[in-house]
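# pasting the structure only:
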């Protein structure tokens, strides 16, 4: 009779509820059946789950775009093609097709080995990823946490798992991360207000933005993340980004359009799994999620091993406020930045190839070194005087004499390099005209994230500048010739000598123009047509000595062009190779100086870095002009020898 009292019925009901709640928490229950999954925590995770923008991937196994999407780890678990290995002892296989329970509690001496070779990926990983995780089955892992010594904040973390990292470093699996930070103590408080800040992980560092910051793209309450192709670093905008340190990544991250929109589901993670039978038991795995290699190609550790898992606020407070966007993107970057991206990418590729096949790369390096040594030994490097100019010299002797003459009067010769400035101004004017012409401008339009006009100017400016480079060589070579041969002696070491040579070039400008202007116009047109570039190169080499001929031989117009062609005749390849090497070395010195500043003095504005590199090239251009002038002298001396031999042969008595 007493069991019928209301108090007893309430007690029974409470016991039943407690039993049901305990059943839900029993290890082995599906993750989605946890109380937090359908409650406020899952609601918060779903409300702010990110929209991920990946670079459009036109076709499987293609060369462009992002073939991977954020996914769950489920396709790796219970997969008979995946091995769990032990470090050492031949990298023994602990088990094939490891389950979440097999990973639970495994230490740092273990790692997962996915199908394929991380250092020679081919299309294996892209194909497996597409098979395991179609675009509409993508997923991210959500984790809600606080930091004990940073009260008043609640962090909503999203961990993005990628099947493979295909960037300057290459490794199986990739864990990336973004975080939404609230000024709140509980999930309920976070649901009742807007986030305070977001943080996007980029390599060893990252970037932060306020929730109302204009650079943060949002679709409703969902932050938009632009994932870098290959590296999967997270950015706020589609662009080409520069990285110069571990916190930024060392290289160039590409998030440029066109993009594919990915809407992953959010899978909620607890602070720790309940045990080896928990479907999320893999969270307690301390080993690596990919094939073991040295350095940056090693497989990554999982989320719970990262400091940000337990110290989310400290991590976000250490982030940068911005990232460096490269103007012009990958289509038309500034020369110094485009070179940086290329050099780092090529160097990383060589490093990966060395890691995969050290003997092969070492053998190739030895062969290249031997070839270089043989090439250098084919010439003479014995010291010879730089004057008189008209003298037979080997290529090595010319290079050595040029450096010595330049070192004797560096400032005087460097001043003649200012003749490159008016050529640059003409190049800028021609670029503006080409871009804005009604029909030609449309034909050469290039679209970048900064706009159609900006991209066109950068690309066409580079092309026109390259086409007008021979004009710079012409003017500086003429000034250098005036400094040496026309004076009959080495320059006096005063700026007056340099100024006098520049004035003489101005006085002879008409002769130089009539000799080279038709050639310059032809070179520009042929370069812009693209298919005419080989012919433009041939003409450029044939006219390599026009400046010296005009100044030293007092020639002009077509006669000067014919004279230069005659001197290059039968020496075209020799002249072309010498000119290519000397200008390549000078350009490389300027680029290396700019790259050194770019990497070591990261606070410098981009224009100062570019300016320093440009000034270095301008200052060294006269050195190349000296070498060309000595090459001209060698050609004249050879020509004189040939004529002397022909005359001697004609005057020799006929045998009776």
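Great, that's in hand. Please read all numbers here as calculations on a predicted model, not as lab measurements.

# how close does residue 422 get to residue 597?
According to C-beta to C-beta, to the nearest Å, residue 422 and residue 597 sit 26 Å apart. Quick note: C-beta positions are derived from backbone N, CA and C, even for glycine.

# Looking at the two, which is more packed in?
When neighbours are counted by other C-beta atoms under 10 Å, residue 597 comes out ahead of the other of residue 422 and residue 597, with 18 against 12.

# Please confirm that the more buried one is located within a helix.
Yes - applying DSSP: H, G, I helix; E, B strand; the rest coil, one finds residue 597 inside a helix.

# residues touching it, list them.
With contacts defined as C-beta atoms under 8 Å, 6 or more residues apart in numbering, residue 597 is in contact with 604, 608, 609, 612, 613.

# Residue 154 too?
144, 145, 146, 181, 182, 184, 185, 186, 187, 189, 190.

# again, but for residue 478
Neighbours of residue 478 in contact, by C-beta under 8 Å, 6+ apart: 504, 505, 508, 512, 547, 548, 550, 551.

# of all these, which comes closest to residue 643?
residue 548 (18.6 Å; C-beta to C-beta).

# count of residues packed around that closest one?
Residue 548 has 31 nearby residues by other C-beta under 10 Å.

# my read: it touches residue 632, true?
Yes - Residue 548 is in contact with residue 632 according to C-beta atoms under 8 Å; the separation is 4.4 Å.

# about what we covered before: which one among the contacts of residue 597 gets closest to residue 652?
residue 613 (57.4 Å).

# For that closest one, what is the enclosing helix or strand?
helix 606-651 (DSSP states H and E).

# any idea of the mean pLDDT for the host helix or strand of residue 433?
According to DSSP H and E, residue 433 maps onto helix 420-436. For helix 420-436, mean pLDDT is 76.

# what helices or strands is it leaning on?
In terms of contacts (3 or more C-beta pairs under 8 Å, 6 or more residues apart in numbering; DSSP states H and E), helix 420-436 is packed against helix 440-443, helix 452-467, helix 469-484, helix 606-651.

# what about 10 Å?
helix 440-443, helix 452-467, helix 469-484, helix 509-529, helix 606-651 (3 or more C-beta pairs under 10 Å, 6 or more residues apart in numbering; DSSP states H and E).

# Looking at the last one now, give me its mean pLDDT.
Taken as a whole, helix 606-651 has a mean pLDDT of 87.

# now for the host helix or strand of residue 267, which elements pack on it?
Assigned by DSSP H and E, residue 267 belongs to strand 265-269. Judged by 3+ C-beta pairs under 10 Å, 6+ apart, the packing partners of strand 265-269 are helix 35-38, helix 40-47, strand 139-145, strand 154-166.

# what comes up buried for the second one?
This means helix 40-47. Neighbour-count burial for helix 40-47, counted by 16 or more other C-beta atoms under 10 Å, picks out 41, 42, 44, 45, 47.

# Excluding sequence neighbours, find me the nearest residue to the residue nearest in space to the middle of the chain.
Note on the chain: the residue nearest the mean C-alpha position is residue 341, at 2.4 Å, using C-alpha atoms, centre = their mean. Counting by C-beta to C-beta, 6 or more residues apart in numbering, the nearest residue to residue 341 once its immediate chain neighbours are dropped is residue 252, at 3.9 Å.

# Neighbouring strands - and their directions - for the one helix or strand that neighbour maps to?
Using DSSP H and E, the element containing residue 252 is strand 249-254. Counting by DSSP bridges, the strands paired with strand 249-254 are strand 240-245 (antiparallel).

# Now do the buried residues in the partner strand.
Those would be 240, 241, 242, 243, 244, for strand 240-245 by 16+ other C-beta under 10 Å.

# circling back to that earlier point, selecting buried members of the contacts of residue 597 in ChimeraX, what would you type?
Burial among the contacts of residue 597 is assessed by 16+ other C-beta under 10 Å; the matching ChimeraX selection reads:
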select :609,612,613
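
# between the contacts of residue 597, which is nearest residue 426?
Among the contacts of residue 597, residue 613 lies closest to residue 426 (C-beta to C-beta), at 20.5 Å.

# could you list every residue that touches that closest one?
334-336, 339, 587, 589-598 (C-beta atoms under 10 Å, 6 or more residues apart in numbering).

# Residue 204: which of these is nearest?
Nearest to residue 204 among these: residue 598, at 18.9 Å, using C-beta to C-beta.

# Check the gap between the closest one and residue 332 for me.
Separation of residue 598 from residue 332 (C-beta to C-beta): 18 Å.

# same question for stretch 304-320, mean pLDDT?
The average pLDDT for stretch 304-320 rounds to 96.

# Just list the residues touching residue 565, thanks.
539, 541, 542, 543, 544, 545, 546, 572 are the contacts of residue 565 under C-beta under 10 Å, 6+ apart.

# Just the buried residues from these, in PyMOL please.
Selection command for PyMOL covering only the buried members of these, criterion 16+ other C-beta under 10 Å:
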select buried, resi 539+541+542+543+544+545+546
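
# Can you convert the contacts of residue 565 into JSON lines and add a column each for pLDDT?
Output for the contacts of residue 565, formatted as JSON lines (pLDDT from 0 to 100):
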{"residue": "539", "pLDDT": "88"}
{"residue": "541", "pLDDT": "90"}
{"residue": "542", "pLDDT": "91"}
{"residue": "543", "pLDDT": "88"}
{"residue": "544", "pLDDT": "89"}
{"residue": "545", "pLDDT": "92"}
{"residue": "546", "pLDDT": "91"}
{"residue": "572", "pLDDT": "93"}
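
# Can you tell me which of the contacts of residue 565 is closest to residue 627?
If you rank the contacts of residue 565 by distance to residue 627 using C-beta to C-beta, residue 544 comes first, at 11.2 Å.

# now for the helix or strand containing residue 501, which elements pack on it?
Assigned by DSSP H and E, residue 501 falls within helix 495-507. Packed against helix 495-507, as judged by 3+ C-beta pairs under 10 Å, 6+ apart, are the following elements: helix 410-416, helix 469-484, helix 546-552.

# Enumerate the positions of it that are buried.
For helix 495-507, by 16+ other C-beta under 10 Å, it's 497, 498, 500, 501, 502, 504, 505.

# next one: stretch 396-408
Buried positions in stretch 396-408, judged by neighbour count with 16+ other C-beta under 10 Å: 396, 397, 398, 399, 400, 401, 402, 405, 406.

# which among these gets closest to residue 385?
For these, the nearest to residue 385 is residue 401 (6.9 Å; C-beta to C-beta).

# any idea which element the closest one lies in?
Judged by DSSP H and E, residue 401 forms part of helix 395-408.

# what's the answer for residue 350, then?
Using DSSP H and E, residue 350 falls within helix 335-356.
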